[in-house]
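In: how does the following fold in three dimensions:
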Amino acid sequence: MTSAKTRARRQKYKRLPKGPHGGIELLLIQNVDHVGKQGEVVEVRPGHAFNYLLPQGLAIIATEHHKRMVEKHKAKLKEIERQRLSGLRALADKIAEQSITIEANANDEGHLYGSVGAADIVRALKENGITVTEDQVRLEGPLKELGLYTVKVHLHADIECDLKVWVVPTA
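Out: Predicted structure coming up:
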């Protein structure tokens, strides 16, 4: 015997457009790494759709109406994406020119008492007028010694730049 909640859930899944592989068809509003690009119709599992893509506003359900609207506005979407990419490239060039210095407590051999992480790098960049998020800073591990490090900053699937980070002892 099925409950009312189970029946309602099944009906909800039945109303959604199914793809050829049994997943849910969604229209991406923004580029999503490992899923697709803006304006594409993709097929994803129901859990990924309901728990991440739809609540975050990254995708909408791919109805025929939405597909027609995207076809009409494809040129406008391409222009917006081109402007966004040019802005990100300019930001990448600005970051590549930067060299930030982070002060940390260290012993006589140059080992830090703590470590320097992505949050510290983001904070130092913000002081220089550049805003990035912690997940865009790609560290191979926390920085635990004094010295010069080259850190990757991932701004977009196609745009990545190097940032020079100096870790120096506090005065």
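
In: contacts for the longest strand along the chain, please.
Out: Secondary structure of the chain per DSSP state E: the longest strand is strand 160-169. Under the contact criterion CB atoms under 8 Å, 6 or more residues apart in numbering, strand 160-169 has outside partners 92-93, 95-96, 98-106, 112, 116, 121, 124-125, 138, 143, 145-155. Bear in mind the C-beta positions are built from the backbone N, C-alpha and C, glycine included.

In: so which bits of it are buried?
Out: For strand 160-169, the neighbour count (16 or more other CB atoms under 10 Å) marks 161, 163, 165, 167 as buried.

In: want to throw the residues you listed into a markdown table with pLDDT and distance to residue 80?
Out: As requested, the buried residues of strand 160-169 are exported to a markdown table (pLDDT from 0 to 100; distance: CB to CB, whole Å):
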| residue | pLDDT | distance to residue 80 |
| --- | --- | --- |
| 161 | 93 | 22 |
| 163 | 93 | 27 |
| 165 | 94 | 33 |
| 167 | 94 | 39 |
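
In: let me know the closest of the residues you listed to residue 64.
Out: residue 161 (41.1 Å; CB to CB).

In: mind listing what the residue nearest to the closest one when sequence neighbours are not counted touches?
Out: Of all residues beyond its chain neighbours, the one nearest residue 161 is residue 92 (4.0 Å), with distances taken as CB to CB, 6 or more residues apart in numbering. By CB under 8 Å, 6+ apart, residue 92 lies in contact with 153, 155, 159-161.

In: after the strand or helix carrying residue 92, next one along is what?
Out: Per DSSP states H and E: residue 92 is located in helix 74-97. Note on helix 74-97: by DSSP H and E, the next helix or strand toward the C-terminus is strand 99-104.

In: pairing partners for that next one, with directions?
Out: When pairing is defined by DSSP bridges, strand 99-104 lines up against strand 160-169 (parallel).

In: where does this structure have low pLDDT?
Out: Applying pLDDT under 70 to the chain picks out residues 1-3, 5-16.

In: how about residue 124, phi and psi?
Out: As for residue 124, its main-chain torsions (degrees, to the nearest 10) stand at phi -70, psi -40.

In: that one touches residue 99, doesn't it?
Out: No - taking contacts as CB atoms under 8 Å, residue 124 lies outside contact range of residue 99: 10.3 Å.

In: of those two, which one has the most company?
Out: Ranked by neighbour count (other CB atoms under 10 Å), residue 124 and residue 99 place residue 124 first, with 19 against 11.
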